[in-house]
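> dropping a prediction and its sequence here:
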Amino acid sequence: MPAPDCTPHNAESARMFAQSLRENSVDYVRFELPDLAGLSRGKTVPIDHVESYTRNGLNLYGGAVTLDTASLPISGTGYNEDVNFADCLMVPDPDSVSNIPWLANTARVICDTKWYDGKPQQAAPRMVLKNAIAAAAARGYGVKMGHEYEFYVVDLATRTPLYRGNPIFVSSLIHQHPGMDRLMRVLRESGVDMITANGEFGPGQWELNFAALDGLAAADRAFVFKNTVKEYLRTEGLLATFMTKPYKGLAGSCSHFHISLYDLQTGDNLFLDAADPDGMSGLMKSFTQGILDHAPAAQAIWNPTTNCYRRIRPHTFAPSNVSWGVEDRSASVRIKASRDKRQHLEVRVPSALSNPYLTAAATIAAGLLGVDAGSTLAPERAGLKENDPSFTKLPTEMHEALAALAADQAFTAALGAEFVKVFTTVKQAEIMRMRDDIPLVETEEYFELY
């Protein structure tokens with residue numbers, strides 16, 4: 001199977017794309033690129049220029065995909081000064097078009113990027129996931145997946161949470177604020193098939209879940225979801241944050257990731273074996289073991305900022321060890337043992353600030369390594385996995401996770417050398433920049449008394 005590319009569209013397909021937008025009364029199209037952190041970057045294009053940019057590509061600063069969380073270009077990635085800060089070309093994917101309901105006659109389209117010589121930017125998160133999905137397809141597997149996100153919502157001006165206490169699942173919260181009620185409708189109009197909404201455990205913390213999809217479309221919808229929540233709620237005078245641990249002593253925000261493999265020929269769920277007590281096929285067991293074997297390295301992808309590691313504390317439903325269990329919320333990998341076509345697994349380690357494309361790519365890469373090796377899943381241990389001190393611990397600091405990533409050669413090869421170089425270089429720079437700051441707690445502790 002050929003490697004994924006981002007070839008510009010021919011004249012006819014570009015014309016048809018622009019025409020379909022006009023027929024839906026679209027006047028402006030946002031060409032959007034998911035960057036390293038999953039933030040949307042790009043340009044807005046009037047409809048009269050969409051056909052040309054679809055055919056030829058839309059120029060953009062080539063290092064945009066590698067900017068750090070402060071939007072700084074980092075040296076040594078191969079995407080910035082190394083190439084004289086050259087431009088790249090954005091190539092829209094018409095299958096990813098969705099409405100932006102709060103902006104008049106405006107749509108978005110998600111783009112891949114390539115250099116002017118035609119080479120795809122292999123460090124672009126969407127391309128990393130495309131490569132992982134292609135690797136699964138080469139083995140005859142399709143990938144069905146879904147992301148869950150928790151996030152806090154506060155008043156934009158006062159930063160006051162929308163509600164107090166920890167009233168998880170309390171029904172009266174769901175429609176208490178009209179802005180949140182309108183958000184649910186906006187998500188649906190944006191093409192996000194939202195299936196449930198509930199208050200979470202922290203004050204002002206929410207979880208809005210959406211349906212699983214096949215392959216790339218699942219990550220595209222997660223990208224649209226996160227950026228819609230952030231952007232739309234500002235129009236309601238609210239601020240949503242996917243920051244992993246915004247408050248000391250309160251619940252962190254996660255991104256549980258659900259995945260199964262299916263047969264590309266028949267559509268059958270390959271994780272299901274009705275004869276197994278837990279419905280787990282041999283493929284599912286090997287895939288699960290692959291995730292566990294490479295979890296310390298994947299930790300850097302699943303928890304990509306220094307703040308993420310403040311969430312990983314015992315007895316907080318944020319797994320801190322390498323473990324699996326059937327319907328065990330304390331385990332890193334939770335087996336959703338429905339024993340029917342819904343059979344799948346849930347990786348509970350990723351944070352809300354994780355990039356949906358990279359979370360998926362890392363999980364697929366790790367799982368396929370287990371499948372290729374014919375890995376045998378270790379027997380499940382009794383009791384809550386969080387309470388078992390004999391399990392290997394996951395890295396609890398960003399620099400530890402990056403070291404585990406660098407040491408796992410099979411996993412880094414599966415993700416791609418170009419991406420790993422960019423990711424580790426940017427994350428190391430972020431760590432050093434954060435270390436130079438003086439936390440307020442240190443000033444309060446030492447300044448006056450000592």
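Sure, I can see it. Residues are numbered from 1 along each chain as shown.
> just how off-centre is stretch 120-135 within its chain?
In terms of C-alpha atoms, centre = their mean, to the nearest Å, the centre of stretch 120-135 is set 13 Å apart from its chain centre.
> next: stretch 39-54.
Taking C-alpha atoms, centre = their mean, the mean C-alpha location of stretch 39-54 is offset from the chain mean by 24 Å.
> for that stretch, buried residues please.
Across stretch 39-54, burial judged by 16 or more other C-beta atoms under 10 Å covers 39-42, 45, 47, 50-51, 53-54. From N, CA and C alone the C-beta is placed, and that goes for glycine too.
> so what touches that stretch?
The contact list for stretch 39-54 (C-beta atoms under 8 Å, 6 or more residues apart in numbering) reads 8-9, 13-15, 17-18, 21-22, 26-35, 58, 60, 64-65, 67, 90, 92, 94, 106, 108, 111, 223, 227.
> how long is it end to end?
Distance between the boundary residues of stretch 39-54 (C-alpha to C-alpha, to the nearest Å) amounts to 22 Å.
> so which bits of the longest strand along the chain are buried?
Secondary structure of the chain per DSSP state E: the longest strand is strand 106-115. Buried residues in strand 106-115, counting neighbours by 16+ other C-beta under 10 Å, are found at 106-114.
> so where do the strands sit in the stretch 51-200 of the chain?
58-61, 87-92, 98-99, 106-115, 141-147, 150-155, 194-199 (DSSP state E, counting those that start in this stretch).
> got TSV for these, with distance to residue 402 too?
Shown next, in TSV, are the strands of the stretch 51-200 of the chain (distance: least, C-beta to C-beta, whole Å):
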stretch	distance to residue 402
strand 58-61	26
strand 87-92	26
strand 98-99	34
strand 106-115	25
strand 141-147	23
strand 150-155	25
strand 194-199	34
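> I'd like the ones you listed as TSV, with mean pLDDT and distance to residue 317 appended.
As requested, these are exported to TSV (pLDDT from 0 to 100; distance: least, C-beta to C-beta, whole Å):
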stretch	mean pLDDT	distance to residue 317
strand 58-61	97	39
strand 87-92	97	39
strand 98-99	96	32
strand 106-115	97	31
strand 141-147	97	17
strand 150-155	96	10
strand 194-199	91	15
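> can you map out the helices along the protein?
11-23, 50-56, 125-138, 178-189, 216-235, 282-293, 295-302, 356-372, 398-407, 409-415, 417-435, 440-446 (DSSP state H).
> could you dump the fifth one to CSV, C-alpha only?
The C-alpha coordinates for helix 216-235 follow below in CSV (Å, rounded to 0.1, in the frame of the first residue of the first chain):
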residue,chain,number,x,y,z
LEU,A,216,-9.1,9.7,10.1
ALA,A,217,-12.6,11.0,10.4
ALA,A,218,-12.6,10.3,14.1
ALA,A,219,-9.6,12.5,14.9
ASP,A,220,-10.9,15.2,12.5
ARG,A,221,-14.2,15.3,14.5
ALA,A,222,-12.2,15.5,17.8
PHE,A,223,-10.2,18.4,16.4
VAL,A,224,-13.4,20.2,15.4
PHE,A,225,-14.9,19.4,18.8
LYS,A,226,-12.1,20.9,20.8
ASN,A,227,-11.6,24.0,18.7
THR,A,228,-15.4,24.6,18.5
VAL,A,229,-15.8,24.4,22.3
LYS,A,230,-13.0,26.9,22.8
GLU,A,231,-14.0,29.3,20.1
TYR,A,232,-17.8,29.2,20.4
LEU,A,233,-18.0,29.6,24.2
ARG,A,234,-16.2,32.9,24.0
THR,A,235,-19.1,34.2,22.1
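> that one vs strand 106-115, what angle?
130 degrees (axes from the mean of the first three to the mean of the last three C-alpha atoms, to 10 degrees).
> between strand 194-199 and helix 216-235, find me the angle.
Counting by the same axes, to 10 degrees, helix 216-235 lies at 40 degrees to strand 194-199.
> which neighbouring elements make contact with helix 216-235?
strand 106-115, helix 125-138, strand 141-147, helix 178-189, strand 205-210, strand 238-241, helix 356-372 (3 or more C-beta pairs under 8 Å, 6 or more residues apart in numbering; DSSP states H and E).
> what do you get if the cut-off is 6 Å, keeping everything else the same?
Applying 3 or more C-beta pairs under 6 Å, 6 or more residues apart in numbering; DSSP states H and E, we find helix 216-235 packed against strand 141-147, strand 238-241, helix 356-372.
> follow-up on the earlier one: out of the contacts of stretch 39-54, which are buried?
Buried, going by 16+ other C-beta under 10 Å: 8-9, 14, 17-18, 21, 26, 28-35, 58, 60, 64-65, 67, 90, 92, 94, 106, 108, 111, 223, 227, out of those.
> is residue 114 in a bridge, and if so with what?
residue 89, residue 120 (DSSP bridges).
> please tell me how far the residue sitting nearest the centre point of the chain sits from residue 413.
By C-alpha atoms, centre = their mean, the mean C-alpha position of the chain lies nearest to residue 356, the distance being 1.5 Å. As judged by C-beta to C-beta, to the nearest Å, residue 356 and residue 413 stand 23 Å apart.
> do residue 140 as well
On the measure of C-beta to C-beta, residue 140 and residue 413 end up 21 Å apart.
> touching, residue 136 and residue 143? I think so.
Yes - counting by C-beta atoms under 6 Å, residue 136 touches residue 143, with 5.3 Å between them.
> compare these two (neighbour count), which wins?
For residue 136 and residue 143, the more surrounded residue by other C-beta atoms under 10 Å is residue 143, and the numbers stand at 25 against 20.
> if I look at the more buried one, how far off is residue 216?
Taken as C-beta to C-beta, the span from residue 143 to residue 216 is 9 Å.
> got it, and residue 132?
Distance from residue 132 to residue 216, by C-beta to C-beta: 10 Å.
> swap in residue 411?
Distance, residue 411 to residue 216, by C-beta to C-beta: 21 Å.
> kindly report the same for residue 338.
The gap separating residue 338 from residue 216 is 25 Å, by C-beta to C-beta.
> the two: which is more packed in?
Neighbour count, other C-beta under 10 Å: between residue 338 and residue 216, residue 216 has more, with 22 against 14.
> what separates the more buried one from residue 429, distance-wise?
Separation of residue 216 from residue 429 (C-beta to C-beta) stands at 29 Å.
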